[in-house]
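# Task: produce atomic coordinates for the following.
(chains A and B)
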Amino acid sequence: MGTPVKAAILAVSFVIVLTFMSGKYIFLTSAPDTTVQGVSHSLACPCECPMVLEDCHMSCGLSWKNLIGEQLKSGLDKREVMGYFYKRYGRAALLTPVQRVAGKWYQITRGGYPVKEMALFVVILAVWTFLLYLVGLSLVEKVAARGKK
Amino acid sequence: MTKNGKMSRGTSGLFSGRIVALVAAALLVAAWSPRGARAAEGEPDVGFMKVTLMPEYDSSSVLVIEEGKFADRSAFPRAVVFYLPPNVTKLTDVCSLSPSGHHFCQLFDIKKMPDKNVLNMKLPYSDFFIDFDYSPFKAAAKTGRDFTFPLEPNYNIRNLEVLIQKPYRAERFSVTPASAETVEKEGYQYLKYGFQNVRAGELKNFRISYFKQDAMPSVNSKYSAMAKTHLFQDYSAEIILAVGVVGIAAAWMVKRRKAA
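Next up, the predicted model:
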């Protein structure tokens, strides 16, 4: 099998794994909705910066997160807390998908995640890319063999 | 010639004697007063700086937030140096803030010295924000905590504000020097200190002591604004990795069998 085909399989494998991993771990949150992190994942940072509120540690962001903590403690759920922020601050408090991607990309590039976790992320990316590559390669070989027959 | 020569030697001797005396005096003053020397070097002044200490806030360490503004905005971007206490366990944010509020978190270099950590960073704007965890004690149930936070400014500070949060459930909470002002903020009690014209290198020590029956932080991290973002909240990443490795091993074995 030619090198361009192998390179294409490798590239496709990488993109698939990167999309899945980024979607699951960076752009979606695994923090429960009953926590400040879980709620602030869906809100924009009020400090006029590109960050998602959960990543923001500036005073303006902290005051919002404190408020979320108070509201959760008083028994409100995520939907109600988000409703409060929408009513009070308008659409600017909520995140568009593009803002989320930009905010999370900013968080990655500023080194906002623990090094150990980023290393684990890269290792998973490499292992699964290689696995998908092996599977893809074997499938393409099978298809090619059938074609020859 | 001889006369002139003598005069000339005498005059130059007198001048060189004066120069030596002046240089010696300048060196003496510089050695005796390092702060004066620093001001002469043209280091910028910090216009306002707020330092907030939150012992056992959301972990068993002390959360410290240092934020402020340099007085001369036009002096930036430039490299700056901050002194942090020893026992810093985690430097969470080292950032600058643009006039429109954009974060510019910076790459930094930290040098460990016996009595402090020296943080070097480049600030694109005059506003700065640093937060870190610092562990001067081991939190255990039914024990007293007693530590001294050394605040050593590396720049002259025109207005310095220090806030020390009283941890929840702390007994016999005391801070030396004593504060004249107590403020209530978001359900927490803070001791507030204000200082004017603090000189670079002027060490301010805050001795904090209290007793706690438990070793739990003030807030449940579930409700904490300071909770850090993690990529992985559970063990799913490790599981995904393990499955991937097993998958590769299986694929390799299948390939080997086929080849055989």
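
# Report the buried residues of stretch B:194-207.
Buried residues in stretch B:194-207, counted by 16 or more other Cβ atoms under 10 Å in any protein chain shown: B:Phe195, B:Val198, B:Ala200, B:Lys204, B:Phe206. Where you see a C-beta, it was placed from the backbone N, CA and C, and this is true even at glycine.

# my bad, stretch B:75-94
So stretch B:75-94, judged by 16+ other Cβ under 10 Å, has buried residues B:Phe76, B:Val80, B:Phe82, B:Tyr83, B:Leu84, B:Pro85, B:Val88, B:Leu91, B:Thr92, B:Asp93, B:Val94.

# Return the member of the residues you listed nearest to chain A.
B:Asp93 (5.1 Å; Cβ to the nearest Cβ).

# And chain B, what are its domain boundaries?
Chain B breaks down into these domains under automatic domain parsing: B:2-32, B:46-223.

# just to revisit the earlier point, show me which of the buried residues of stretch B:75-94 neighbour chain A.
B:Thr92, B:Asp93 (Cβ under 8 Å from any Cβ of the partner chain).

# Quick check: strands, which of the buried residues of stretch B:75-94 are part of them?
In this view, the buried residues of stretch B:75-94 that belong to strands under DSSP state E are B:Val80, B:Phe82, B:Tyr83, B:Leu84, B:Val88, B:Leu91, B:Thr92, B:Asp93, B:Val94.

# Format these as a markdown table; extra columns: pLDDT.
Listed next are those as a markdown table, based on pLDDT from 0 to 100:
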| residue | pLDDT |
| --- | --- |
| B:Val80 | 94 |
| B:Phe82 | 95 |
| B:Tyr83 | 95 |
| B:Leu84 | 94 |
| B:Val88 | 89 |
| B:Leu91 | 83 |
| B:Thr92 | 78 |
| B:Asp93 | 79 |
| B:Val94 | 84 |
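
# Looking at those residues, which is nearest A:Lys87?
Ranked by distance to A:Lys87 (Cβ to Cβ), these are led by B:Asp93 at 30.2 Å.

# ok, now how distant is that closest one from A:Met51?
11 Å (Cβ to Cβ, to the nearest Å).

# Can you get me a residue count around residue 69?
Just going to use chain A. 24 (other Cβ atoms under 10 Å in any protein chain shown).

# you looked at the wrong chain, it should be chain B
18.

# Confirm it sits in a strand?
Yes. Assessed by DSSP: H, G, I helix; E, B strand; the rest coil, B:Lys69 belongs to a strand.

# Show the contacting residues for it.
Neighbour list for B:Lys69: B:Val46, B:Gly47, B:Phe48, B:Met49, B:Ser126, B:Asp127, B:Phe128 [criterion: Cβ atoms under 8 Å, 6 or more residues apart in numbering or on different chains].

# What score does the fifth one have for pLDDT?
When you say that, I think you mean B:Ser126. For B:Ser126, the pLDDT comes out at 92.

# That one is in contact with B:Pro77, isn't it?
No. With contact defined as Cβ atoms under 8 Å, B:Ser126 does not reach B:Pro77; the gap is 9.3 Å.

# between the contacts of B:Lys69, which is nearest B:Tyr168?
B:Met49 (26.6 Å).

# hang on, isn't the closest one packed against B:Leu163?
No. Look at B:Met49 against B:Leu163 with Cβ under 8 Å: they stay out of range, at 11.6 Å.

# Compare these two (neighbour count), which wins?
A direct count of neighbours by other Cβ under 10 Å for B:Met49 and B:Leu163 places B:Met49 higher, at 22 against 19.

# Assumed the more buried one was part of a helix.
No. Counting by three-state DSSP, B:Met49 is located in no helix; its state is strand.

# mind listing what it touches?
Counted by Cβ under 8 Å, 6+ apart, B:Met49 has contacts B:Glu66, B:Glu67, B:Gly68, B:Lys69, B:Pro153, B:Ile157, B:Asn159, B:Leu160, B:Glu161.

# mind redoing it with 7 Å?
B:Glu66, B:Gly68, B:Ile157, B:Leu160 (Cβ atoms under 7 Å, 6 or more residues apart in numbering or on different chains).

# Take the buried residues of stretch B:75-94 and lay them out in JSON lines including distance to A:Thr109.
Output for the buried residues of stretch B:75-94, formatted as JSON lines (distance: Cβ to Cβ, whole Å):
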{"residue": "B:Phe76", "distance to A:Thr109": "21"}
{"residue": "B:Val80", "distance to A:Thr109": "22"}
{"residue": "B:Phe82", "distance to A:Thr109": "23"}
{"residue": "B:Tyr83", "distance to A:Thr109": "28"}
{"residue": "B:Leu84", "distance to A:Thr109": "24"}
{"residue": "B:Pro85", "distance to A:Thr109": "29"}
{"residue": "B:Val88", "distance to A:Thr109": "24"}
{"residue": "B:Leu91", "distance to A:Thr109": "17"}
{"residue": "B:Thr92", "distance to A:Thr109": "16"}
{"residue": "B:Asp93", "distance to A:Thr109": "14"}
{"residue": "B:Val94", "distance to A:Thr109": "14"}
